[in-house]
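A.B. asks: fold the following, please.
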Amino acid sequence: MEDKNNRKLLGKIELTGTLKCLTGLHIGAAKENMEIGALDSPVVRDPVTLEPFIPGSSMKGKLRSLLEKAYPDLLPNRDGGSYISRHECNDWEKGENNNKNYSRNFTYPGAVSCPVCRLFGATGPGEKQRNFPSRLKVRDLKLKNSEKLKNIDTGLLYTEWKFENSIDRITSAANPRSLERVPKGAEFTVSIIYDVEDVSSLKDDMDNLKLAIQLLHDDALGGHGSRGYGQVKIDFDTIEAKRISHYKGIEGNTRSVEKIGDISQLVDFFQNKQLHEETAS
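C.D. replies: Take a look at the predicted model:
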């Protein structure tokens with residue numbers, strides 16, 4: 001990144017597609033009241049359509065946590081409250097800070113150089129540290145096949161019950177509970193927007209985004225992943241790059257690829273534009 005204080009927008013890359021639930025998915029919502037026979041743990045729903053949806057924050061947070069685990073040199077420097085620790089650079093430049101959960105200092109590389117914070121953003125606590133806003137936007141994922149799910153025979157709208165139980169090993173006393181899940185086969189829209197600010201780090205950012213999505217396919221989204229919930233598969237229909245000239249009404253400033261494996265072609269698309277402008281000047 002040539003000028004760290006000047007985050008100009010060179011264009012955007014939009015990835016659109018479908019997330020399919022291969023097993024039941026649970027992303028919980030707060031219960032407003034307690035009713036006899038009610039679900040112990042409902043899923044989050046759109047208050048207007050009552051359709052279940054996947055908050056973009058849930059998807060983005062999962063991708064970030066998986067990518068963070070893929071880089072063991074990134075240390076859990078940040079105290080997130082409730083004894084939760086995570087990695088998040090406190091500034092654009094490298095430094096260190098104290099995490100009270102461990103009562104020790106951890107170093108961080110700085111958001112400009114960090115593969116996670118450069119893509120997903122970082123907040124700088126205090127007056128001296130600087131925020132590094134996220135280059136990635138993950139929109140809420142809306143239910144695509146609501147007509148199919150509307151008629152399933154579960155007694156719930158678009159969803160299913162999942163009953164679980166825990167048994168006391170000594171007395172055999174049971175503690176049954178009911179959870180709501182979006183059923184296997186549910187499909188959601190996917191829209192991920194990446195802001196192109198720096199051509200030199202574009203390929204690394206795209207490789208890291210691809211890595212996070214591939215890790216998600218072999219992990220789980222939402223709660224109770226270790227018990228079979230949340231296996232998902234994302235298929236992209238279109239991955240489209242748009243130079244800033246496109247938004248100014250100048251034709252010929254878009255390029256699309258179908259597979260995330262071909263995303264390096266979009267890097268060339270922005271690099272060639274930059275070379276052309278440097279030659280012309």
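
A.B. asks: going by C-alpha atoms from here, please, whenever you check contacts or count neighbours.
C.D. replies: Noted.

A.B. asks: sketch out the low-pLDDT regions of the chain for me.
C.D. replies: The chain contains residues with pLDDT under 70 at 1-6, 30-39, 126-129, 273-281.

A.B. asks: can you give me the strands for it?
C.D. replies: Here the chain has its strands, by DSSP state E, at 11-21, 78-79, 85-86, 95-99, 104-108, 136-138, 160-167, 174-181, 187-196, 232-243, 254-257.

A.B. asks: make TSV out of those strands and add mean neighbour count.
C.D. replies: Putting those into TSV (neighbours: other Cα atoms under 10 Å) gives the following:
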stretch	mean neighbour count
strand 11-21	20
strand 78-79	19
strand 85-86	16
strand 95-99	15
strand 104-108	17
strand 136-138	19
strand 160-167	13
strand 174-181	16
strand 187-196	21
strand 232-243	19
strand 254-257	18
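
A.B. asks: the nearest residue to residue 146 once chain neighbours are set aside: neighbouring residues, count only.
C.D. replies: Nearest non-adjacent residue to residue 146, counting by Cα to Cα, 6 or more residues apart in numbering: residue 158, 6.9 Å away. For residue 158, the count of nearby residues is 23 (other Cα atoms under 10 Å).

A.B. asks: show me the contacts for residue 158.
C.D. replies: Residue 158 makes contacts with 51, 52, 146, 149, 150, 151, 152, 182, 183, as judged by Cα atoms under 8 Å, 6 or more residues apart in numbering.

A.B. asks: the last one and residue 160 touch, don't they?
C.D. replies: Yes: Residue 183 is within contact range of residue 160, at 6.1 Å (criterion: Cα atoms under 8 Å).

A.B. asks: circling back: and the gap between the residue nearest to residue 146 and residue 98?
C.D. replies: 46 Å (Cα to Cα, to the nearest Å).

A.B. asks: what's the spacing between residue 257 and residue 232?
C.D. replies: 22 Å.

A.B. asks: before we move on, what about residue 67?
C.D. replies: Applying Cα to Cα to residue 67 and residue 232 gives a distance of 17 Å.

A.B. asks: go on, residue 220?
C.D. replies: Residue 220 sits 7 Å away from residue 232, going by Cα to Cα.

A.B. asks: before we move on, what about residue 265?
C.D. replies: Using Cα to Cα, one gets 27 Å for the distance from residue 265 to residue 232.

A.B. asks: same question for residue 101.
C.D. replies: Residue 101 sits 33 Å away from residue 232, taking Cα to Cα as the criterion.

A.B. asks: what does residue 251 give?
C.D. replies: Counting by Cα to Cα, the gap from residue 251 to residue 232 is 37 Å.

A.B. asks: count the neighbours of the closest residue in space to residue 125 that isn't next to it in sequence for me.
C.D. replies: Among residues not flanking residue 125 along the chain, residue 90 sits closest, at 6.4 Å (Cα to Cα, 6+ apart). As a burial measure, residue 90 scores 28 neighbours (other Cα under 10 Å).

A.B. asks: equivalent analysis for the one 4 residues further on, please.
C.D. replies: By other Cα under 10 Å, the residues close to residue 94 number 15.

A.B. asks: quickly list what residue 104 is bridged to.
C.D. replies: Counting by DSSP bridges, residue 104 is bridged to residue 99.

A.B. asks: pretty sure it is in contact with residue 96, am I right?
C.D. replies: No: with contact defined as Cα under 8 Å, residue 104 does not reach residue 96; the gap is 10.1 Å.

A.B. asks: how about the residue nearest in space to the middle of the chain, nearest residue that isn't a chain neighbour?
C.D. replies: The residue lying closest to the centre of the chain (Cα atoms, centre = their mean) is residue 60, at 1.6 Å. Among residues not flanking residue 60 along the chain, residue 138 sits closest, at 6.1 Å (Cα to Cα, 6+ apart).

A.B. asks: quickly list what that neighbour is bridged to.
C.D. replies: residue 192.

A.B. asks: quick one, what contacts the residue nearest to residue 211 when sequence neighbours are not counted?
C.D. replies: In this structure, residue 211 finds its nearest non-sequential neighbour in residue 67, 7.3 Å apart by Cα to Cα, 6+ apart. Residue 67 sits next to 116, 208, 211, 212 when contact means Cα under 8 Å, 6+ apart.
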